[in-house]
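Colleague: Kindly return the folded structure for what I paste below:
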Amino acid sequence: MLVSCNNGESLQTYFVDNQETPDFISADIPTTIVELDQTTLTEDQKEAYNSVKRLNFLGFKLTENNQDAYAQELSKVKSILNDKKYIELMEFNDRAAKVVVKYIGDDDAADEFIVFTSSKDMGFGIVRILGNDMRPEKMATLVNAIQNADIDSSQLEDIAGFFK
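Modeller: Numbers count the residues shown, from 1 in each chain. Now for the predicted structure:
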């Protein structure tokens, strides 16, 4: 008989449990929303960009009426991401939000990348990045390229509208 040692909640379970909850929004995001001029990318960045197959988003909108729920949900997500299976790749501030990038896997290959962003004014968002042959060091260089990329905001209107 097999018994799991992990009794804690996983990020995948958290997504499923909250995707239809009123304060949350979830979406599968096409990888085409990030328009990168591939002629300006390094080989490592191109390889990382092409390894991404799917993006799953879950966001929590902060309002005047759900501050306690926000604090509880933020605490849950931070607790999940503090599990040692999530390896921190980078952390930075972008505009009015804190961004943390973590991954599951090892130095040679990651099964999944997680981008967690939180803002005390708007709420938080989590993007699960799924793909094939994703390498942490190459994804780190891709994150830097994406920070300066054009994002097709028309494909994110539902998500942006949710946070307004």
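
Colleague: only C-alpha atoms for contact and neighbour calcs from this point on.
Modeller: Noted.

Colleague: hey, where'd the helices end up in this protein?
Modeller: Secondary structure of the chain (DSSP state H): helices at 11-18, 43-51, 67-81, 136-147, 157-162.

Colleague: Could you provide those in CSV, with additional columns for mean pLDDT?
Modeller: Output for those, formatted as CSV (pLDDT from 0 to 100):
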stretch, mean pLDDT
helix 11-18, 94
helix 43-51, 84
helix 67-81, 95
helix 136-147, 76
helix 157-162, 52
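
Colleague: quick one: Thr117 and Phe60, what's the gap?
Modeller: In this view, Thr117 and Phe60 are 11 Å apart by C-alpha to C-alpha, to the nearest Å.

Colleague: neighbour-wise, which of these two wins?
Modeller: Set Thr117 next to Phe60 and count neighbours by other C-alpha atoms under 10 Å: Phe60 wins out with 25 against 21.

Colleague: Write down the beta-bridge partners of the closest residue to Phe24 other than its chain neighbours, one by one.
Modeller: Computed as C-alpha to C-alpha, 6 or more residues apart in numbering, the closest residue to Phe24 that is not its neighbour in sequence is Phe60, at 4.5 Å. The partner list for Phe60 in beta bridges (DSSP bridges) reads Phe24, Phe124.

Colleague: Just give the closest residue to Arg135, not the sequence neighbours.
Modeller: Closest to Arg135 by C-alpha to C-alpha, 6+ apart is Ala109, at 4.8 Å.
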